[in-house]
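1. I would like the atomic coordinates for the input below:
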Amino acid sequence: MSTESPGPTPGPESSHWSLLRARVMEMVEPLVTRTRDRWQWF
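-> Predicted coordinates for the structure are as follows:
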């Protein structure tokens with residue numbers, strides 16, 4: 001579910017958003033894997 005930004009939007013804004021998205025993914029991924037492992041027990 002990785003949707004790229006529609007249309008070429010060069011500039012600090014796009015890079016800022018990409019960095020923010022990457023950081024969020026880094027924080028969310030372990031939580032998702034943890035919950036997934038927990039759900040496997042049920």
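2. please enumerate the helices of the chain.
-> Applying DSSP state H to the chain gives helices spanning 12-40.
3. could you list the low-confidence segments of it?
-> When residues are selected by pLDDT under 70, those of the chain lie in 1-11, 41-42.
4. the same query, at a cut-off of 90, please.
-> Residue ranges of the chain with pLDDT under 90: 1-17, 35-42.
5. got the buried residues for stretch 19-28?
-> Going by neighbour count (16 or more other CB atoms under 10 Å), nothing in stretch 19-28 comes out as buried. C-beta coordinates here come from the backbone N, C-alpha and C atoms, glycine included.
6. number of residues surrounding residue 39?
-> The tally of other residues near residue 39 (other CB atoms under 10 Å) stands at 8.
7. oh sorry, the question was meant for residue 37
-> Other residues near residue 37 come to 9 when the count uses other CB under 10 Å.
8. with residue 38 instead?
-> For residue 38, using other CB under 10 Å, the count is 9.
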